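Student: fold the stuff below for me.
(one chain, ligands or ions: 2)
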Amino acid sequence: MTLILLDRDGVINFDSKNYIRAPSDWQPIPGSIEAMARLVHAGCKLAICSNQSGIARGFFTHETLSQIHSKMHDLLKSHNVKLDAVYYCPHHPDSQCNCRKPNTGMLYQALSDLSSSPSQTWFIGDSLKDMQAALTINCHPILVRTGNGYKHEADVRALGIDNIRTDLSEAADWIIDSLVSPAL
Ligand SMILES: [Mg+2]
Ligand SMILES: [Zn+2]
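Tutor: Numbers count the residues shown, from 1 in each chain. Ligands and ions are numbered 1, 2, ... in the order given. Alright, predicted model coming up:
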């Protein structure tokens, strides 16, 4: 089964340089929820892998993050989407944990929990860290130009990634097309 791993901020919801600290800060990018619904309808599993260092920085708590995710789950539920898993790294960049992207802890956890292999897995993100993590586990990376993605296009191409899409909606349609036409 195809597994779609998603970065959260800048892919599903608008990012903020001030961090997403409260449910009211979490606002979906137009079309992202519908794109996730199409992927689920196409038979894909969906999971989020998100760096949330705002917890280590003291900007918000695990509990608040859980409230933010409740808002996201409620919206997804209204489109008949249930996420298979949500992983986040709460650590500070200096902590040298193995989960903060570009490290691969969350990605490998997802593959293990959801019984997928790198060749059946896509990672959709808007940062260089997302793309580096995807390349390290050898799954299929897609950069979206939403969030910070448009700033990283040249660096991502330099990594050898040329699957760059306008937004999650276009990325989802591209994946769905490739599932029905495996030659792509
Ligand atoms: Mg992001
Ligand atoms: Zn971590």
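Student: and the protein, which residues reach ligand 2?
Tutor: Contact residues, the chain versus ligand 2 (C-beta under 5 Å from the ion): 89, 91, 97, 99, 100. (C-beta placed from N, C-alpha, C; glycine too.)
Student: could you find the closest non-adjacent residue to the last one?
Tutor: Okay, so that is residue 100. residue 89 (4.4 Å; C-beta to C-beta, 6 or more residues apart in numbering).
Student: now for the longest strand anywhere in the chain, which elements pack on it?
Tutor: Taking DSSP state E as the criterion, the chain has its longest strand at strand 45-51. When contacts are defined as 3 or more C-beta pairs under 8 Å, 6 or more residues apart in numbering; DSSP states H and E, strand 45-51 sits against strand 3-6, helix 32-41, strand 85-89, helix 105-113.
Student: show me what the lowest-mean-pLDDT helix or strand in the chain is in contact with.
Tutor: Across the helices and strands of the chain, mean pLDDT, DSSP states H and E gives its lowest value to helix 168-180, namely a mean of 95. For helix 168-180, the surrounding residues in contact (C-beta atoms under 8 Å, 6 or more residues apart in numbering) are 2, 4, 6, 11-12, 29, 31-32, 34-36, 38-39, 42-44, 122, 124, 142, 144, 146, 163, 165, 184.
Student: so what pairs up with residue 87 in the strands?
Tutor: residue 49 (DSSP bridges).
Student: circling back to that earlier point, packed most tightly, which of the helices and strands packed on strand 45-51 would that be?
Tutor: Comparing the helices and strands packed on strand 45-51 by mean neighbour count (mean count of other C-beta atoms under 10 Å), strand 3-6 ranks first with a mean of 26.
Student: picking that back up, with the residues of the chain next to ligand 2 in mind, which one is nearest to residue 153?
Tutor: Among these, residue 100 lies closest to residue 153 (C-beta to C-beta), at 22.9 Å.
Student: what about the closest one, helix or strand, and which?
Tutor: Using DSSP states H and E, residue 100 is not contained in any helix or strand.
Student: distance of it relative to residue 138?
Tutor: 19 Å (C-beta to C-beta, to the nearest Å).
Student: in terms of neighbours, single out the busier of those two.
Tutor: Taking other C-beta atoms under 10 Å, residue 100 and residue 138 do not tie; residue 100 has more neighbours (24 against 11).
Student: thinking again about what came up before, just want the angle from the longest strand of the chain to helix 105-113.
Tutor: Orientation of strand 45-51 against helix 105-113 (axes from the mean of the first three to the mean of the last three C-alpha atoms, to 10 degrees) gives an angle of 160 degrees.
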